[in-house]
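In: Provide a 3D model corresponding to the input given below.
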Amino acid sequence: MAMEVTQVLLNAQSIDGTVRKHAEESLKQFQEQNLPSFLLSLSGELANDDKPVDSRKLAGLILKNALDAKEQHRKFELVQRWLSLDANVKTQIKTCLLNTLTSTVADARSTSSQVIAKVAGIELPQKQWPELIVSLLSNVHQLPAHVKQATLETLGYLCEEVSPDVVEQDHVNKILTAVVQGMNASEMNNDVRLAATRALYNALSFAQANFSNDMERDYIMRVVCEATQSAELKIRQAAFECLVSISSTYYEKLAPYMQDIYSITAKAVREDEEPVALQAIEFWSSICDEEIDILEEYGSDFTGNSDIPCFYFIKQALPALVPLLLEILLKQEEDQDQEEGAWNIAMAGGTCLGLVARTVGDDIVPLVIPFIEENIAKPDWRQREAATYAFGSILEGPSPDKLLHIVNVALSFMLSALTKDPNNHVKDTTAWTLGRIFEFLHGSTIGTPIITQANCQQIITVLLQSMKDTPNVAEKACGALYFLAQSYEDVGPSSPLTPFFQEIVQSLLTVTHREDAGESRLRTAAYETLNEVVRSSTDETAPMVLQLVPVIMMELHKTLEGQKLSSDEREKQGELQGLLCGCLQVIIQKLGSSEPTKYVFMQYADQIMGLFLRVFACRSATVHEEAMLAIGALAYAAGLDFAKYMPDFYKYLEMGLQNFEEYQVCAVTVGVVGDICRALEEKILPYCDGIMTQLLKDLSSNQLHRSVKPPIFSCFGDIALAIGENFEKYLMYAMPMLQSAADLSAHTANVDDDMTEYTNSLRNGILEAYSGIFQGFKNSPKTQLLIPYAPHILQFLDSMYMEKDMDELVMKTAIGLLGDLADTLGSNAGSLIQQSLTSKDFLNECLSSKDHMIKESAEWASTMGLGCSLAVEEVRSGSITEVDEATLHKNLIEMKRHYYGGGLKSRRKGATIVTYTNTN
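Out: Numbering: from 1, shown residues only. Coordinates of the predicted model:
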């Protein structure tokens, strides 16, 4: 087989499907029968300059895929498989890979660079292949330029694959020295210089110590800035990418270089080619992102803390930066609005201008308004569009007081432009800007309303008329209407949109039937806007929402009629079914929120459920996410009556819980289990064995995405709350899972921002599970079953409190759990809680919290027995002598009479609502 590998690799790329399939099967068989020989053959193929380029490239690609995968569980398996290989085999493969770096064939060198980095990513953390970096660094000094280029490329990939703490500082210094020397203007070979510049981009995260040294930092910054002036476009682009990365990684070190960087970026924006100019603009957008984050950490009253001080680079650059950005708004492309995902220098400039507005607030307004006034009515469409884009970009950031007068003056002009301007681009941007006005400057928080009885009808008329325009303009008009409706969501019993409700709904439905509704996300935008119009509707329009139910049901029914579809048509059918199920979900939630409308709506429940089950059936093994969400809403509305649907629905619920591949579907299904538990209460019991078995399997699986595990724990709480003491049979399985997850969360905090966020999510799920279990057993004679678990729970709470890294949600859930524990265990709680190191301090801190949700939960916990348990134990221990235990209990009962607090039932909401976002 080894002798034939070249031809097999070539056949695997054949245009003849039969030949290709046979070759793929042969490769698979070779890999399964003798993995070491298979990998050796591939590495030998890659290293052999006498072999065809195509076979060498594919050999390298297969090698790379044998070492890495996107799915975490698969990646773990491949890592373990490599580590278990015979050391001699691995040495031979690595030798072939390093030899390939000297090949005269560029594709072979590049492929080998990537494979070497993958091997390094596995072995360096295991303290294996220690000679690799020394070997690569020796290559950098070799004379053939192509060897130097390949080695620098490898070092770049290596820095991308391994964590900085895996590489010794001495090696980091030598890597950076080699890379920066390769970038130097004295390097005559552009391929080498480009490889070095790209390598620096990946190596920057390794350079913490070097950027803390003034001389080393100055040298790196000088070389990077020089590279932005290279004659080679790709080098200039890569150098600016390095600057963008430096702006976020080393923001606090940038002050000495900002003047020079402004000059470099301004020149690139005005004079260079677009790929370079885009990165130059991105530098300033990145600085904005950093300063927005820092200022948000400080808080509006500057009482907060930030690890990094704000240097106000944007504020200082404002007089020069804003005119530069306004200038590039005029560099639009003719077809920019027709291409989905289009990105050009004008769009980048507008995005940056919006970030500048968010960074500096009111200070931007006087710098932009003259540009708007000068260009808004010019004959050249580019000037009108740029002025409108500038206006829309600065609507988020400045205070409403600073903008309201300008917006009131501009509103009628923009409504006119939306229907009368002859240019499609201007209308597109005008509709987007109107949406921004309605999103940021219209609503209950704004003192002076922009939309009044006098102009409301004109606004609605113009937006509905614009929905008949080209798809890109119509999509933005839908977006504007979405934000307009959203601002009336909490308006009360009457809404200014009520008189237009029927007309709006009919217009949106008409849009969904347009032949070109598939372009520019138009159909999606129309349905999402319809959802928001329904969501923000009042009781006055409830009869019209009811009339919408059979209309949407009929639309969904049409998608289920038995015609044979191509794969492309089936995909479009699935998208449409998702939109219609999403629409029904919102209608169900709206009509189910009040008893009179719910009563009338429930006449459709059987038919709707039948449609949802048919949606599942036509998707075979893949459960439809939106249909699942809609069923969650229906369960919430139907309550105990939902039990009649469970026999037919349960198999799809189980399929959703088993769907590891589409983990979002699995997560949604877990949420729907919670909805059904709240709806059915004890009637869920016949299905609990199957549900709990699958949830426990999910938690044990290394294939399931980690983000699904916190809601699974939370779901334990929902089940326990529903079935009460019947949860006893699951305690022996659920509690050890919760304990091990709690222990794990104590070791993963503060690794990085993503891990901290995940850890808080995990902890919240664990806490909600415990809360549900304790509440479920309340008033049961079996509460003593929970006593053995209480010490570990209290230790878990102690460790979280002492680490001081809980977010607000975790803090709220944690103090609620303490209350649940005290309330359920009653007289048994005092001695247990007294063993806790921090419960008293934690309760007092929460009671004095500025976050009203935390404070409310703490007050609830006090009334539920926590305060009493602490006090009673102090009486027993002699800390308190002036009051008797009976008096404390009497006071507690009095407090309960005057205070209503909620456990999980009142803390949790129904199914998720998907929101619509609009981008220009």
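In: switch to C-alpha atoms for all contacts and neighbour counts from now on
Out: Will do.
In: For the stretch 1-150 of the chain, which residues score under the pLDDT cut-off?
Out: For the stretch 1-150 of the chain, residues meeting the criterion pLDDT under 70 lie at 1-3, 142.
In: Also the stretch 401-550 of the chain?
Out: For the stretch 401-550 of the chain, the stretches with pLDDT under 70 are 443-447.
In: where do the helices sit along it?
Out: With DSSP state H, counting those that start in this stretch, the ranges of helices along the stretch 401-550 of the chain come out as 424-440, 453-466, 471-486, 501-512, 522-535, 542-559.
In: Only C-alpha atoms, please: export stretch 277-291 in PDB.
Out: Coordinates of each C-alpha in stretch 277-291 appear next as PDB, following Å, rounded to 0.1, in the frame of the first residue of the first chain:
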ATOM      1  CA  ALA A 277      -6.600  51.300   4.200                       C
ATOM      2  CA  LEU A 278      -9.100  49.000   5.800                       C
ATOM      3  CA  GLN A 279      -6.500  47.800   8.400                       C
ATOM      4  CA  ALA A 280      -5.500  51.400   9.000                       C
ATOM      5  CA  ILE A 281      -9.100  52.300   9.900                       C
ATOM      6  CA  GLU A 282      -9.400  49.100  11.900                       C
ATOM      7  CA  PHE A 283      -6.600  50.400  14.200                       C
ATOM      8  CA  TRP A 284      -8.700  53.300  15.300                       C
ATOM      9  CA  SER A 285     -11.800  51.100  15.600                       C
ATOM     10  CA  SER A 286      -9.800  48.800  17.900                       C
ATOM     11  CA  ILE A 287      -8.600  51.800  20.000                       C
ATOM     12  CA  CYS A 288     -12.300  52.800  20.400                       C
ATOM     13  CA  ASP A 289     -13.200  49.200  21.500                       C
ATOM     14  CA  GLU A 290     -10.500  49.300  24.200                       C
ATOM     15  CA  GLU A 291     -11.500  52.700  25.500                       C
END
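In: contacts for it?
Out: Judged by Cα atoms under 8 Å, 6 or more residues apart in numbering, the contacts made with stretch 277-291 from elsewhere in the structure are 237, 240-241, 243-244, 247-248, 251, 265-266, 268-270, 310, 312-314, 344-345, 348-349, 351-352, 355-356, 359.
In: Next up, the contacts around residue 201.
Out: Counting by Cα under 8 Å, 6+ apart, the residues that residue 201 touches are 156, 238, 241-242, 245.
In: helix/strand/coil for it?
Out: Classification of residue 201 using DSSP: H, G, I helix; E, B strand; the rest coil returns helix.
In: Now do it, the pLDDT please.
Out: At residue 201, the model reports a pLDDT of 95.
In: how much space between it and residue 156?
Out: Here residue 201 is placed at a distance of 8 Å from residue 156 (Cα to Cα, to the nearest Å).
In: same check, this time on residue 418
Out: Residue 418 is 50 Å from residue 156, by Cα to Cα.
In: how about the helices in the stretch 51-200 of the chain?
Out: For the stretch 51-200 of the chain, helices defined by DSSP H, counting those that start in this stretch occupy the ranges 53-65, 72-83, 87-100, 106-123, 132-140, 145-161, 169-183, 190-203.
In: Return the distance of the fifth one from the chain's centre.
Out: Read it as helix 132-140. If you compare the mean C-alpha spot of helix 132-140 with that of the full chain, they lie 39 Å apart, counting by Cα atoms, centre = their mean, to the nearest Å.
In: got the phi/psi numbers for residue 848?
Out: Summarising the backbone geometry of residue 848 under the convention degrees, to the nearest 10, its torsions are phi -100, psi 10.
In: The nearest residue to it once chain neighbours are set aside: how many residues sit nearby?
Out: Residue nearest to residue 848 in three dimensions, not counting chain neighbours: residue 855, with 6.6 Å by Cα to Cα, 6 or more residues apart in numbering. The burial count assigned to residue 855 is 21, neighbours taken as other Cα atoms under 10 Å.
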